[in-house]
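**Student:** only geometry, no sequence info:
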């Protein structure tokens, strides 16, 4: 299989590259950073450039996976137009390339659970009402609507993945990264919120396995799939797990302030992915232990 991965040097994209190349698939990728992930055909192009169109015109892909875009909610709140360009307009450009050059290529669009906002009931199903609370969430929702447009009008085979809280070694942003950096440098650790806020965590290794399952078994008639473990975990519990693995006895407290754009509680209904034979293979305990070991090695060498 020949697979084109957009955002191939990012956290999710680079792990997808490693996974599919290890399976013997032919992988092409596109990103804006310097090449660092070996074993695939890398193209340093903006999705918005004419050179990006040429890739679809010149090569035949069986599948295209969109792991590109901005993944920072805070950035989206400060720079909503830049986030729109990265998370919405770039998707429109990709879909139109598929329409013009490769209308039979299967497209997996990695969206976000941010489209749900603050769900009215948990666990949240893929059919739940979408009500984003951040510019990032709104832009991701618009990208899904573009996918629906190109599927309905031009028959592009599309499925949508909505990741919840994805983590793993190599991730240099978000909650675990923030806690580890503070445990390393600060005498006391202050985090936003009350600690009772919750998330549904999925290890990156499980996400790439799910991506493969979607390619094999998903509904490409705009099927939507939550990417999560199905387990709700409080931020306080996560912070305590990280601190216990870090082992330096520092105190963690929560300041009670809510970050604008962040949802309060998340838990995914994963019955659709379970029906595809997906199982969450890495426990949060094991995943956090692995992450902390990676971080400590990284910090010692930077």
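**Tutor:** Cool, got the structure. Since this is a predicted model, take the numbers as computed values, not measurements.

**Student:** Need the mean per-residue confidence for the longest helix along the chain.
**Tutor:** Identified as the longest helix of the chain according to DSSP state H is helix 135-154. In this model, helix 135-154 carries a mean pLDDT of 98.

**Student:** Show me what it is in contact with.
**Tutor:** 70-73, 75-77, 80, 83-84, 87-88, 91-92, 95-96, 98-99, 103, 107, 109, 111-112, 114-117, 130, 132, 156-158, 160, 221-222, 224, 261 (Cβ atoms under 8 Å, 6 or more residues apart in numbering). The C-beta positions use only the backbone N, C-alpha and C, and glycine is treated the same way.

**Student:** Quick one: buried ones out of these?
**Tutor:** 70-71, 73, 75-77, 83-84, 87-88, 91-92, 95-96, 98, 107, 109, 111-112, 114-117, 130, 132, 156-158, 160, 222, 224, 261 (16 or more other Cβ atoms under 10 Å).

**Student:** so of the residues you listed, which ones are in strands?
**Tutor:** Counting by DSSP state E, the part of those found in strands is 107, 109, 158, 160, 222, 224.

**Student:** Distance to residue 145 and pLDDT added to those, as a markdown table?
**Tutor:** Shown next, in a markdown table, are these (distance: Cβ to Cβ, whole Å; pLDDT from 0 to 100):
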| residue | distance to residue 145 | pLDDT |
| --- | --- | --- |
| 107 | 14 | 98 |
| 109 | 11 | 98 |
| 158 | 12 | 98 |
| 160 | 11 | 98 |
| 222 | 11 | 98 |
| 224 | 12 | 98 |
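
**Student:** out of the residues you listed, who's nearest residue 66?
**Tutor:** residue 109 (5.0 Å; Cβ to Cβ).

**Student:** Test of understanding: give the bridge partners of the closest one.
**Tutor:** residue 66, residue 160 (DSSP bridges).

**Student:** Low-confidence bits of this protein, can you list those?
**Tutor:** Regions of the chain meeting the criterion pLDDT under 70 are absent.

**Student:** Can you list the residue ranges for helices in it?
**Tutor:** 11-22, 50-58, 73-78, 80-84, 90-101, 135-154, 174-185, 204-217, 235-246, 271-274, 284-301.

**Student:** do you know which of those lies nearest residue 40?
**Tutor:** Comparing those by Cβ to Cβ, helix 11-22 comes nearest, at 5.3 Å.

**Student:** Need the contact partners of the closest one.
**Tutor:** 1, 3, 5-8, 27, 29, 31, 36-37, 39-40, 65, 67-68, 71, 110, 163, 166, 168, 170-172, 204-205, 207-209, 211-212.

**Student:** can you rerun that using 7 Å?
**Tutor:** For helix 11-22, contacts defined as Cβ atoms under 7 Å, 6 or more residues apart in numbering pick out 3, 5, 7-8, 27, 29, 31, 37, 39-40, 65, 67, 110, 166, 170-171, 204, 207-208, 211.
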